[in-house]
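[1] structure of the sequence below:
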Amino acid sequence: MGIQTKRAYDPVGDSDGYRVLVDGMWPRGIKREDLALDDWWRDVAPSAPLRRWFAHRHERWPEFARRYRHELQSHEPRIRELAARAASETVTLIFASRDRECNNAVVIRDLVSERLACGDGSA
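    Model prediction:
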């Protein structure tokens, strides 16, 4: 049980549980069947303007995370769904970024983890 992140280019693991891609675009060079997804939530990806502004510049990470959390407020049902799943099974958020520490999946994971810590894992 819980929530974790994993790069799309990493091997699928037996402990991944429910696998959901949280990027707006399909990862380059990967066949759909090879990614072994349970779902693809394009709608929760950062907006194109936010993604372009961030440009994976580490000095912008705290502000990106703040802005992205604000965007995620409009996806509250999705966040609740992830929290409910993560309360009863392992959820793996799949992302394509090379940066494992500063990407949108990390923001979603942290948001859901906070919900779980507060006991808000109900749908």
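
[2] which residues sit against stretch 62-74?
    With contact meaning Cβ atoms under 8 Å, 6 or more residues apart in numbering, stretch 62-74 is reached by 44, 46-47, 50, 53-54, 79, 102, 104, 106-108, 110-111. C-betas here are computed from N, CA, C, even on glycine.

[3] average model confidence for that stretch?
    For stretch 62-74, mean pLDDT rounds to 97.

[4] show me what counts as buried in that stretch.
    Neighbour counts over stretch 62-74 (16 or more other Cβ atoms under 10 Å) mark F64, A65, R67, Y68, L72 as buried.

[5] phi, psi of the most centrally placed residue in the chain?
    The chain has A105 as the residue nearest its centroid, 2.9 Å off, counting by Cα atoms, centre = their mean. Note on A105: its backbone torsions stand at phi -60, psi -30 [degrees, to the nearest 10].

[6] report whether R60 is found in a helix, as I expect.
    Yes. Assignment of R60 by DSSP: H, G, I helix; E, B strand; the rest coil places it within a helix.

[7] list the contacts for it?
    W53, F54.

[8] ok, so of the buried residues of stretch 62-74, who is nearest A83?
    L72 (12.3 Å; Cβ to Cβ).

[9] now that closest one: which helix or strand?
    helix 61-72 (DSSP states H and E).

[10] pLDDT weak spots in the protein?
    120-123 (pLDDT under 70).

[11] can you give me the helices for the chain?
    Assigned by DSSP state H, the helices in the chain fall at 32-35, 48-54, 61-72, 76-88, 104-117.

[12] need the winner for burial among those helices.
    helix 104-117 (a mean of 19; mean count of other Cβ atoms under 10 Å).
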